[in-house]
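A.B. asks: fold the following.
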Amino acid sequence: MQTPSRGPAYLILFAALMAGAGNGISMVAFPWLVLQRNGSAWEASLVAMAGTLPLLASTVIAGAAVDYIGRRRVSMISDALSGLSVAAVPVIALVFGVDAVNVAVLAALAALGAAFDPAGMTARETMLPEAATRARWTLDHANSVYEAVFNLAYIVGPGIGGMLIATVGGIETMWVTAAAFGCSILAVSVLRLDGVGPPDRSQLPEQVWAGVLEGLRFVWNLKVLRTLALIDLAVTGLYMPMEAVLFPKYFTDRDEPAQLGWVLMALSIGGLVGALSYAVLSKYMKRRTTMLIAVITLGVAMTIIAFLPPLPLILGLSAIVGFVYGPIQPIYNYVMQTNAPAHLRGRVVGVMGSLAYAAGPLGLLLAGPLADSAGLHATFLALAVPMLLIGLVAIGLPALRDLDRDRGVDR
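C.D. replies: Predicted coordinates for the structure are as follows:
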């Protein structure tokens with residue numbers, strides 16, 4: 001039996017913090033660079049969509065890569081490629097001039113970064129059960145801390161991004177993003193933990209696509225996973241345009257990059273507190289109840305934000321949204337980890353992630369032109385009201401009762 005150690009868990013958490021912070025900076029920098037050129041919400045939507053469209057396919061492939069290539073190796077390769085994609089922005093500006101960093105270039109680089117990110121996230125999530133066992137943590141505790149760290153990354157990232165844009169400019173900000181991915185690589189490179197090395201290929205289908213289909217069938221045939229995936233798909237499709245286009249458009253029009261960072265930070269601060277609270281909340285509140293409160297609260301809060309109230313109210317509502325949604329990803333992680341066998345874990349995480357991203361590009365495609373033609377208020381409202389209806393419908397879904405059935409973890 002291995003000596004208990006929290007070292008592997010801390011390395012995974014640090015890697016998640018660094019990679020998440022890099023993505024958080026990019027979340028502010030990419031749309032800002034576009035909007036700074038001509039203020040078009042449509043073009044900002046195109047770049048945001050380029051940053052999400054690859055996620056549908058790449059997240060599924062990422063899950064298979066984790067199961068077939070190995071968790072540590074995939075995490076390092078993914079972060080290296082993501083770092084190169086953002087470092088390319090200042091490199092192109094240095095070599096070809098700032099004008100060369102146009103909308104097409106930004107869209108292409110955002111797409112490349114998005115294509116690589118899911119593999120790293122999936123790899124780190126699939127390491128958690130073994131790290132929790134080594135640290136003598138419960139799985140609920142490990143998932144709670146992991147998601148809290150991930151939210152912390154989106155506090156640090158957008159905040160740093162907003163400040164850097166205001167001081168050194170959007171292009172130079174990308175150097176910091178690349179450095180953050182480098183720190184994640186270093187942390188994972190020294191990680192020693194059962195299950196993170198080369199996988200046992202004897203348990204896997206010989207053809208990778210057959211392995212991907214195996215993961216898809218597993219998720220679809222398990223009612224609770226299928227229901228969670230469809231809810232996440234709808235909510236992500238409605239929420240993503242708000243964070244990726246509407247908020248940046250609103251604050252760009254007001255020339256307030258720092259305030260954009262504050263809103264994203266408020267979301268993440270709330271998420272940090274909510275995720276940390278999950279380990280305690282899970283002892284007193286059912287997972288189903290926690291999830292229903294989160295979805296309904298999100299719809300109510302975004303409906304109020306649609307009226308573009310003063311900044312303090314937007315910040316307060318954003319913090320509330322982050323808080324109620326903080327426990328959701330730990331719940332999703334727990335359900336995936338306790339239902340999927342170890343050799344399928346990467347593909348199940350990948351399939352769930354890809355379904356969540358599937359509606360994002362459609363939402364972005366509609367939100368940009370609608371914001372330019374009908375205005376931000378109408379666009380916010382068009383996205384918020386269906387989100388509220390989803391929460392009300394979810395109350396009557398019997399499959400969500402399976403969230404509170406405890407199962408063991410197959411390692």
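A.B. asks: what about residue 28, distance to residue 309?
C.D. replies: From residue 28 over to residue 309 the distance is 22 Å, taken as C-beta to C-beta, to the nearest Å. In this view, the C-beta of every residue, glycine as well, is placed from N, C-alpha and C.
A.B. asks: and residue 312, how many neighbours?
C.D. replies: Per other C-beta atoms under 10 Å, the neighbour tally for residue 312 reads 8.
A.B. asks: find the helix or strand that it is a member of.
C.D. replies: Per DSSP states H and E: residue 312 is located in helix 311-325.
A.B. asks: which of the three states applies to the spatially closest residue to residue 259 that is not a sequence neighbour?
C.D. replies: Nearest residue to residue 259, sequence neighbours excluded (C-beta to C-beta, 6 or more residues apart in numbering): residue 251, at 5.2 Å. In three-state terms, and counting by DSSP: H, G, I helix; E, B strand; the rest coil, residue 251 is helix.
A.B. asks: now the one 4 residues further on
C.D. replies: Per three-state DSSP, the local secondary structure of residue 255 is coil.
A.B. asks: for the helix holding residue 312, packing partners?
C.D. replies: If contacts are counted by 3 or more C-beta pairs under 8 Å, 6 or more residues apart in numbering; DSSP states H and E, helix 311-325 sits against helix 257-284, helix 287-305.
A.B. asks: packing partners for the last one?
C.D. replies: Spelled out, that is helix 287-305. By 3+ C-beta pairs under 8 Å, 6+ apart, helix 287-305 packs against helix 223-241, helix 257-284, helix 311-325, helix 328-339, helix 376-394.
A.B. asks: how about the second one: buried residues?
C.D. replies: Same thing as helix 257-284. Residues 257, 259-272, 274-279, 281-282 are the ones in helix 257-284 that count as buried (16 or more other C-beta atoms under 10 Å).
A.B. asks: and the fourth one, by the same measure?
C.D. replies: Neighbour-count burial for helix 328-339, with 16+ other C-beta under 10 Å as criterion, is recorded at 328, 329, 330, 331, 332, 333, 334, 335, 336, 337, 339.
A.B. asks: ok now stretch 250-264, how far from the chain's centre?
C.D. replies: Centre-to-centre, stretch 250-264 and its host chain are 21 Å apart (C-alpha atoms, centre = their mean, to the nearest Å).
A.B. asks: OK, contacts around the residue lying closest to residue 14 once chain neighbours are set aside?
C.D. replies: Leaving out its chain neighbours, the residue that sits closest to residue 14 by C-beta to C-beta, 6+ apart is residue 187, at 4.7 Å. Residues in contact with residue 187 (C-beta atoms under 8 Å, 6 or more residues apart in numbering) are 11, 12, 14, 15, 18.
A.B. asks: whatever helix or strand residue 187 lives in vs helix 257-284, what angle?
C.D. replies: Per DSSP H and E: residue 187 is located in helix 170-189. Here helix 170-189 runs at an angle of 30 degrees relative to helix 257-284 (axes from the mean of the first three to the mean of the last three C-alpha atoms, to 10 degrees).
A.B. asks: pull out the buried residues from helix 170-189.
C.D. replies: Residues of helix 170-189 classed as buried: 170-171, 173-181, 183-185, 187-188 (neighbour count, 16+ other C-beta under 10 Å).
A.B. asks: please save the CA atoms from that helix in CSV.
C.D. replies: Extracted in CSV, the C-alpha atoms of helix 170-189 (Å, rounded to 0.1, in the frame of the first residue of the first chain):
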residue,chain,number,x,y,z
GLY,A,170,-3.8,42.9,-25.8
ILE,A,171,-1.1,41.5,-27.9
GLU,A,172,1.7,41.6,-25.3
THR,A,173,-0.8,40.0,-22.8
MET,A,174,-0.6,36.8,-24.7
TRP,A,175,3.0,36.2,-23.5
VAL,A,176,1.7,35.8,-20.0
THR,A,177,-0.9,33.3,-21.3
ALA,A,178,1.8,31.2,-22.8
ALA,A,179,3.9,31.3,-19.6
ALA,A,180,1.0,30.0,-17.6
PHE,A,181,0.7,27.0,-19.8
GLY,A,182,4.4,26.4,-19.4
CYS,A,183,4.0,26.3,-15.6
SER,A,184,1.2,23.6,-16.0
ILE,A,185,3.5,21.5,-18.1
LEU,A,186,6.3,21.6,-15.5
ALA,A,187,3.9,20.6,-12.7
VAL,A,188,2.6,17.5,-14.6
SER,A,189,6.0,16.5,-15.8
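A.B. asks: by how many degrees do whichever helix or strand comes after that helix and helix 328-339 diverge?
C.D. replies: As assigned by DSSP H and E, the chain's next helix or strand after helix 170-189 is helix 208-221. On the basis of the same axes, to 10 degrees, helix 208-221 is oriented at 110 degrees to helix 328-339.
A.B. asks: give me the contacts around helix 208-221.
C.D. replies: Residues from elsewhere that reach helix 208-221, judged by C-beta under 8 Å, 6+ apart: 60-61, 63-64, 67-68, 204-205, 225-226, 229, 340, 344, 347-348, 350-352, 355.
A.B. asks: re the thing from before, from the chain's centroid, how far away is the helix holding residue 187?
C.D. replies: Its chain's C-alpha centre and that of helix 170-189 lie 17 Å apart, by C-alpha atoms, centre = their mean.
A.B. asks: next, the contact list for residue 78, please.
C.D. replies: Per C-beta under 8 Å, 6+ apart, neighbours of residue 78: 62, 116, 117, 118, 119, 120, 123.
A.B. asks: tell me the spacing between the fifth one and residue 300.
C.D. replies: Spelled out, it's residue 119. As judged by C-beta to C-beta, residue 119 and residue 300 stand 35 Å apart.
A.B. asks: now swap in the third one and tell me
C.D. replies: For residue 117, the distance to residue 300 under the criterion C-beta to C-beta works out to 30 Å.
A.B. asks: between those two, which one's more packed in?
C.D. replies: Neighbour count, other C-beta under 10 Å: between residue 117 and residue 300, residue 117 has more, with 27 against 16.
A.B. asks: that one sits in which helix or strand?
C.D. replies: Going by DSSP H and E, residue 117 is in helix 103-135.
A.B. asks: let's test this: name the helix or strand in this structure with the lowest mean pLDDT.
C.D. replies: Here the helix or strand of the chain ranked lowest by mean pLDDT, DSSP states H and E is helix 41-50, holding a mean of 67.
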